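*Asks:* Pasted the sequence and its predicted model underneath.
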2 protein chains.
Amino acid sequence: MTIGELSAAGSVPASTIRYWERIGVLPKPARSSSQRRYGPDAVNRLHLLRLAQACGFRLDEMRHLLHGFEGAIPASRRWQEMARKKQVELDEQMERIRTMKRMVDSVLRCQCGDLLECGRRAAAVLGT
Amino acid sequence: MTIGELSAAGSVPASTIRYWERIGVLPKPARSSSQRRYGPDAVNRLHLLRLAQACGFRLDEMRHLLHGFEGAIPASRRWQEMARKKQVELDEQMERIRTMKRMVDSVLRCQCGDLLECGRRAAAVLGT
DNA sequence: CTACAACTTAAAGTGAGCTTTAAGTCAAGC
DNA sequence: GCTTGACTTAAAGCTCACTTTAAGTTGTAG
């Protein structure tokens, strides 16, 4: 498989595949006279990375993550740990957004007469 | 008030105040021989901007937002509209994170034997 | 009057995850 | 053998919200 074929098969731009390889998220493939050649597994690796992204993992986390999988360990301890940590992170993100929603709500019910008053109120809200 | 005093009073770095002014989020203040001089209202404007940021508004939205307030309209139609739009955006963000949480959950319960299988499964999950 | 702190500007740097560009090499079809 | 499309690289550009840097000017205390 050339990079163009892999790109089409995995719905990931070739430039992105090269980028992921460059930063060590994907392994360096074999070459046929300077051009990359991929085996059929490469497609699954791409899908796995897209899944991880959809789960909220960053690229530097994924480097770690894919290495954990090279050993063919089913759902390794490392995966489990990372997933649990990610759950906590996602809970924190949810809480931040809930707070934003509460704030927007209070803004919608704002009775301030002018900028000055609303600014003072802002200070109070942010202070808490 | 000099920019240093405003910075201290509003807990916003002077460099940030200059930046906000440069991109049109803050109005250009009077000058005393090339140096910025601020009235007491400036502090409230900073608080208001910090509140808006905490509500999830971006700087380009805030440009719009502060102008709506210059007219001393209490909680103007424009504010109301923006706040409601932001609520929708925040709901969408919440939904995205909920989806991520569901995905991480399913990864935690993964029974895949190897990378290949998990990649195929990833394709299926992302396809839906 | 002289330090020295605080101010001024434009421009470059940061981080994340790519995308785009420029300039060149390679492979396949006719 | 020639054209065309796909590939190669390094480097720069993009978004967002700043921060930092460099080099220069101003205000104030002693």
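*Replies:* Right, received. Where do you want to start?
*Asks:* Which element, helix or strand, includes A:A124?
*Replies:* Taking DSSP states H and E as the definition, A:A124 sits inside helix A:115-127.
*Asks:* need the residues of chain A near DNA strand D, please.
*Replies:* Applying CB under 7 Å from any atom of the strand, we find that chain A lies next to DNA strand D at A:2-5, A:7, A:14, A:18, A:31, A:34-36. Just so you know, the C-beta spots here come from the backbone N, C-alpha and C atoms, and that holds for glycine as well.
*Asks:* Inside helices: which ones of those?
*Replies:* Secondary structure assignment by DSSP state H places A:3-5, A:7, A:14, A:18 of the residues of chain A next to DNA strand D in helices.
*Asks:* Need the max-distance pair from those.
*Replies:* A:E5 and A:R18 (14.4 Å; CB to CB).
*Asks:* Buried subset of the ones in helices among the residues of chain A next to DNA strand D as a ChimeraX selection?
*Replies:* Selecting only the buried entries of these in ChimeraX, with 16 or more other CB atoms under 10 Å in any protein chain shown as the criterion:
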select /A:3,7
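*Asks:* closest to chain B among the ones in helices among the residues of chain A next to DNA strand D?
*Replies:* Using CB to the nearest CB, A:S7 comes nearest to chain B of those, at 15.1 Å.
*Asks:* so what's the closest one closest to, chain neighbours aside?
*Replies:* With sequence-adjacent residues excluded and distances taken as CB to CB, 6 or more residues apart in numbering or on different chains, A:S7 is closest to A:A14, at 4.4 Å.
*Asks:* Tell me which other helices or strands the helix or strand of chain A with the lowest mean pLDDT touches.
*Replies:* Every helix and strand of chain A was ranked by mean pLDDT, DSSP states H and E. The lowest is helix A:115-127, at a mean of 72. On a contact count with 3 or more CB pairs under 8 Å, 6 or more residues apart in numbering or on different chains; DSSP states H and E, helix A:115-127 meets helix B:41-54, helix B:59-70.
*Asks:* and if we set it to 10 Å?
*Replies:* The contact analysis (3 or more CB pairs under 10 Å, 6 or more residues apart in numbering or on different chains; DSSP states H and E) places helix A:115-127 against helix A:77-108, helix B:41-54, helix B:59-70.
*Asks:* Distance of the residue in chain A that DNA strand D sits nearest to relative to B:G4?
*Replies:* At 2.2 Å from DNA strand D, A:G4 is the closest residue in chain A, using CB to the nearest atom of the strand. From A:G4 across to B:G4, the span is 57 Å (CB to CB, to the nearest Å).
*Asks:* repeat for A:Q87
*Replies:* According to CB to CB, A:Q87 and B:G4 sit 44 Å apart.
*Asks:* same thing with A:M1?
*Replies:* 61 Å.
*Asks:* Next: A:R36.
*Replies:* Counting by CB to CB - A:R36 and B:G4 are separated by 55 Å.
*Asks:* what's the answer for A:A54, then?
*Replies:* Going from A:A54 to B:G4 by CB to CB gives 46 Å.
*Asks:* thought A:L6 was touching A:Q35?
*Replies:* No. A:L6 lies out of contact with A:Q35 (CB atoms under 10 Å); the separation is 11.8 Å.
*Asks:* Please say which of these two ends up with more neighbours.
*Replies:* Comparing A:L6 with A:Q35 by other CB atoms under 10 Å in any protein chain shown, the one with more neighbours is A:L6, at 22 against 11.
*Asks:* Name the nearest residue to the more buried one, sequence neighbours excluded.
*Replies:* Spatially, and ignoring its direct neighbours in sequence, A:L6 is nearest to A:Y38 (4.8 Å; CB to CB, 6+ apart).
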